[in-house]
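Q: sequence and predicted structure, then a few things I'm wondering about:
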Amino acid sequence: MREARYIVRPMSNAVRLFAPLLCTLLACGRSQPTTPTPAPMDPTERGGRAFDRWSSDPGMKAGVTPEGARLKDLYGWDLRGTEGLYGAAYANKATALPRNWLTSTESATEIAALLAAGTEGGPALATYLDDEAIGAIAGFIVGVRDGALPRPDWIWDLSAGTPGNYRLRDGADAARGHALIAEQCADCHGPDGTGMRFDDGAFTLGSHARQKAYEDWFKILNGQPGTDMGRQVTGDGRAMAQQIHDILAALCDRTRYPASDATGGEVPDGDPRCGAYLR
């Protein structure tokens, strides 16, 4: 490349005026920005999304048709099967299976083998998923069980006979939750949570969280299968659990995050799911 030669002269008013524009167009000798490469998904995040809806995992084998219930239908959003939210004492889901992963003692390798073969009538995931995907699910289960990831019982408690069969636990910081929502959620869901509706218009972000926090803790941790939404919290298991807890407590504010015209309606005063956080 031929060396450029410059003659220094006083800068005219016109040059001063248009210099910023020229700098933008010519980049003033700087290299052009490049699109950043997305960070690889954490295996436990992938495992959580596959637990939610394994048929959406990229490890689906070619030429097979996904069949069988989602793992969350079998073991619940709390991973406790018939001993948990989906058991007879609570939501009484017909699909729930008698295995509580939170009290299991198997290693991740042993859990992967159980899932691959199909356990308690669940689908034999080896028919549909590659080994890496099944291993990610097992890693997620062990992470939740052992506290490397948030445990549901750090965030909400089972509550038989009340709406939703759960209650948010004490100890959340709603003010911090509002800040996290503004930082992590508002770009997609809007500052008031009404920018995106769920379940064919039944819920806004706030009205869904006030009625189904047992599900939303899971989505905040792992993201939504089949979408760009990924994990919205960082740190170790306790730190992530606290952030999720804070967000859910903040979303109990019915004025700040309204149901608007969502068809699923709104929780009434005194609803036990939000408890003292309800506004």
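A: Cool, the structure landed.

Q: just list the residues touching Phe198, thanks.
A: By Cβ atoms under 8 Å, 6 or more residues apart in numbering, Phe198 lies in contact with 204-205, 208. For every residue, glycine as well, the C-beta is placed using N, CA and C.

Q: from the opening residue of stretch 261-272 to its closing one, how far?
A: 23 Å (Cα to Cα, to the nearest Å).

Q: swap in stretch 187-207?
A: 18 Å.

Q: that older thread, closest to Gln242 out of the contacts of Phe198?
A: Using Cβ to Cβ, the shortest approach to Gln242 within the contacts of Phe198 belongs to Leu205, at 19.6 Å.

Q: ok, for that closest one, nearest residue in space, not its chain neighbours?
A: Gly193 (3.2 Å; Cβ to Cβ, 6 or more residues apart in numbering).

Q: can you pull the contacts of the one you found?
A: Neighbour list for Gly193: 181, 185, 204-206, 251, 257-258 [criterion: Cβ under 8 Å, 6+ apart].

Q: any weak-confidence spans in the stretch 101-250 of the chain?
A: Residues of the stretch 101-250 of the chain meeting the criterion pLDDT under 70: none.

Q: strands of that one, residue ranges please.
A: 156-158, 166-168 (DSSP state E, counting those that start in this stretch).

Q: who does the last one pair up with?
A: The one in question is strand 166-168. In the sheet containing strand 166-168, its partner strands are strand 156-158 (antiparallel), by DSSP bridges.

Q: which positions in the partner strand come out as buried?
A: Residues 156, 158 are the ones in strand 156-158 that count as buried (16 or more other Cβ atoms under 10 Å).

Q: got the contact list for it?
A: By Cβ under 8 Å, 6+ apart, the residues outside strand 156-158 that reach it are 78, 84-85, 89-90, 165-169, 213-214, 217, 248.

Q: need the longest helix for this structure.
A: helix 205-222 (DSSP state H).

Q: which helices and strands does that helix pack with?
A: Where contact means 3 or more Cβ pairs under 8 Å, 6 or more residues apart in numbering; DSSP states H and E, helix 205-222 is packed against helix 43-52, strand 156-158, strand 166-168, helix 237-250.

Q: mind redoing it with 10 Å?
A: helix 43-52, helix 131-146, strand 156-158, strand 166-168, helix 174-184, helix 186-189, helix 237-250 (3 or more Cβ pairs under 10 Å, 6 or more residues apart in numbering; DSSP states H and E).

Q: the first one to helix 205-222, inter-axis angle?
A: On the basis of axes from the mean of the first three to the mean of the last three Cα atoms, to 10 degrees, helix 43-52 is oriented at 130 degrees to helix 205-222.

Q: can you name the element that comes right after helix 43-52?
A: Counting by DSSP states H and E, the next helix or strand C-terminal to helix 43-52 is helix 71-75.

Q: need the contact partners of that next one.
A: Residues outside helix 71-75 that contact it (Cβ atoms under 10 Å, 6 or more residues apart in numbering) are 48, 50-54, 68-69, 78-79, 81-86, 93-102, 115, 119-123, 125, 137, 140-141, 215, 218.

Q: now list the buried members of the residues you listed.
A: For the contacts of helix 71-75, a burial check counting by 16+ other Cβ under 10 Å picks out 48, 50-54, 68-69, 78-79, 81-86, 93, 96-97, 99-102, 115, 119, 122-123, 125, 137, 140-141, 215, 218.

Q: burial of the nearest residue to Ser260 once chain neighbours are set aside, as a residue count?
A: In space, and not counting its chain neighbours, Ser260 is closest to Thr194: 4.8 Å by Cβ to Cβ, 6+ apart. Thr194 is flanked by 18 other residues according to other Cβ atoms under 10 Å.

Q: over to Asp261?
A: Neighbourhood size, Asp261 [other Cβ under 10 Å]: 9.

Q: ok, it - contacts?
A: By Cβ under 10 Å, 6+ apart, Asp261 lies in contact with 194, 197, 201, 204.
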